[in-house]
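S.K.: fold the following, please.
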Amino acid sequence: MKLTRRTFALQTLAGAAALTGLPALAQARTIRLLVGFPPGGGTDAVARLLGEHLKDALNATVVVDNKPGAGGQLAAQALKAAAPDGNTLFLSHDHTISILPQVTKNPGFEPAQDFVPVAGFATFVNAFAVSGGTPAKSFNDYVKWIQEGNDKTGGNATKGRGTVGVPAPASTPEFLVKLIGEKYKLDLAPAPYRGSAPMMADMLGNQIAAGVGSVPDFMENHRAGKLHIVGVLGKERQATLPDVPTFHELGLTGFEDVPYYGVFAPKGVSPAFVSEFGAAMSKVLAMPAVREQMQRMGLAPEYMTAQKLGERERAYTATWAKIIKAKGFAPAQ
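M.R.: Numbers count the residues shown, from 1 in each chain. Sure, this is the predicted structure:
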């Protein structure tokens, strides 16, 4: 049989590996990237975007493992149970790490004790959006529409107009629905979902009139005119939504500290791995195509070292501890 140069080279490498006791083909490691929400939502989308580029930066296979349920609680519990070998990581936003442990009696994990911050990669803001089936095109339009509906239904939000979807129970969006209702004297009823994807499905099907979630959850359908983002949190208007006012402008203050996205590992992971992953994340975030795509999603790309992510997580947790206490919120089981 005639050998091609490629075949000869491969056989030579295989022979050399046999003589040295090394495997003929090096097996690239696989990193499981846990996501606490179902496919199709904003968190899943950014996880898949980053995973696609991190695989080259880390020389590893990166697999997104969706474990939806309980606002990311199941994914967080899976991370706690994983070996601290760097092969299992958790990509999460603020809710699961900073808020859920404060509003759940037995979450099954304690971030400060069970997790290690590895790298942060973005900040974002939450937004209020109305379904395309409503006549509202602005927040003031929505307020008037709800008031008209309350007059017709006797103020019962469960009869339709005042139902507002949120991606998870006892989440930042749920608190925001309640505070918005109080501030503007609206009869609003939060409707918790298992992630933003099913919430979006009901919004697009006009099953619910409005929803609160992260800007990335809504951007694609906002651009397509299928729903309308009518208000955003934060100190400044978003570059991707220059015509949408902040709730600070609309009179709702106290929510200027924006949420974050980060990657976490089980306690005990080696500092060498944290450093390696951080360098890879920094490299990926420096890619213009990645930054552009994240910005189109409504994210603000921002590399945070493990130390910076930890500091941001603790500060955000403290901010929400005050809000939760002020509201007299009783933790759920």
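S.K.: only C-alpha atoms for contact and neighbour calcs from this point on.
M.R.: OK.
S.K.: test my guess that S98 contacts T317.
M.R.: Yes. Contact criterion CA atoms under 8 Å: S98 and T317 qualify, at 4.7 Å.
S.K.: looking at these two, which is more packed in?
M.R.: S98 (25 against 19; other CA atoms under 10 Å).
S.K.: which stretches of the protein form strands?
M.R.: 30-35, 61-66, 88-93, 115-123, 126-131, 163-166, 189-192, 210-214, 227-232, 260-266, 300-304 (DSSP state E).
S.K.: and the average pLDDT for the second one is what?
M.R.: What that stands for is strand 61-66. The average of the pLDDT scores along strand 61-66 is 97.
S.K.: packing partners for that strand?
M.R.: strand 30-35, helix 42-58 (3 or more CA pairs under 8 Å, 6 or more residues apart in numbering; DSSP states H and E).
S.K.: tell me how far the first one is from the chain's mean position?
M.R.: In terms of CA atoms, centre = their mean, to the nearest Å, the centre of strand 30-35 is found 15 Å from the chain centre.
S.K.: buried set for it?
M.R.: Neighbour-count burial for strand 30-35 flags 31-35 (criterion: 16 or more other CA atoms under 10 Å).
S.K.: please apply the same query to stretch 65-79.
M.R.: Buried, per 16+ other CA under 10 Å, within stretch 65-79: 65-76, 78-79.
S.K.: could you dump those to JSON lines with distance to T305?
M.R.: Output for the buried residues of stretch 65-79, formatted as JSON lines (distance: CA to CA, whole Å):
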{"residue": "D65", "distance to T305": "24"}
{"residue": "N66", "distance to T305": "25"}
{"residue": "K67", "distance to T305": "26"}
{"residue": "P68", "distance to T305": "27"}
{"residue": "G69", "distance to T305": "28"}
{"residue": "A70", "distance to T305": "28"}
{"residue": "G71", "distance to T305": "25"}
{"residue": "G72", "distance to T305": "23"}
{"residue": "Q73", "distance to T305": "24"}
{"residue": "L74", "distance to T305": "26"}
{"residue": "A75", "distance to T305": "22"}
{"residue": "A76", "distance to T305": "21"}
{"residue": "A78", "distance to T305": "24"}
{"residue": "L79", "distance to T305": "20"}
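S.K.: what sits against the spatially closest residue to G278 that is not a sequence neighbour?
M.R.: Nearest non-adjacent residue to G278, counting by CA to CA, 6 or more residues apart in numbering: A119, 5.5 Å away. Contact analysis of A119 by CA atoms under 8 Å, 6 or more residues apart in numbering lists 262-264, 274, 277-278, 281, 303-306, 309.
S.K.: out of the residues you listed, which are buried?
M.R.: Among these, those classed as buried by 16+ other CA under 10 Å are 262-264, 274, 277-278, 281, 303-306, 309.
S.K.: can you list the weak-confidence ranges in the stretch 201-333 of the chain?
M.R.: Along the stretch 201-333 of the chain, the parts satisfying pLDDT under 70 run over 332-333.
S.K.: swap the cut-off to 80 and go again
M.R.: Within the stretch 201-333 of the chain, the ranges that satisfy pLDDT under 80 run 254-257, 327, 329-333.
S.K.: mean confidence score for stretch 81-89?
M.R.: Averaged over stretch 81-89, pLDDT sits at 98.
S.K.: any idea where the helices of the stretch 101-250 of the chain begin and end?
M.R.: For the stretch 101-250 of the chain, the helices defined by DSSP state H, counting those that start in this stretch cover 111-114, 139-153, 172-184, 196-204, 215-223, 247-250.
S.K.: nearest to P39, of those?
M.R.: Closest approach to P39 among the helices of the stretch 101-250 of the chain is made by helix 196-204 (7.2 Å; CA to CA).
S.K.: helices or strands next to that closest one in the packing?
M.R.: Counting by 3+ CA pairs under 8 Å, 6+ apart, helix 196-204 packs on strand 126-131, strand 163-166, strand 210-214, helix 215-223.
S.K.: let's see it at 7 Å
M.R.: Applying 3 or more CA pairs under 7 Å, 6 or more residues apart in numbering; DSSP states H and E, we find helix 196-204 packed against no helix or strand.
S.K.: 31 is where my numbering starts, stick with that
M.R.: Sounds good: first residue 31 from here, last item helix 226-234.
S.K.: buried set for it?
M.R.: 226-230, 232-234.
S.K.: what's the distance between A111 and V274?
M.R.: Counting by CA to CA, to the nearest Å, the gap from A111 to V274 is 42 Å.
S.K.: so for those two, which residue has more residues nearby?
M.R.: With neighbours defined as other CA under 10 Å, A111 and V274 compare such that V274 has more, 18 against 13.
S.K.: quick one: the more buried one and L263 touch, right?
M.R.: No. Under the criterion of CA atoms under 7 Å, V274 is not in contact with L263, lying 10.3 Å apart.
S.K.: list residues touching both of these two?
M.R.: With contacts defined as CA atoms under 7 Å, 6 or more residues apart in numbering, no residue is shared by V274 and L263.
S.K.: flag the shaky bits of the stretch 81-230 of the chain, pLDDT-wise.
M.R.: Residues of the stretch 81-230 of the chain meeting the criterion pLDDT under 80: 179-190.
S.K.: let's see it at 50
M.R.: 183-188 (pLDDT under 50).
S.K.: check the helices and strands packed on strand 91-96 for me and report the most buried one.
M.R.: Among the helices and strands packed on strand 91-96, strand 60-65 has the highest mean neighbour count (mean count of other CA atoms under 10 Å), at a mean of 22.
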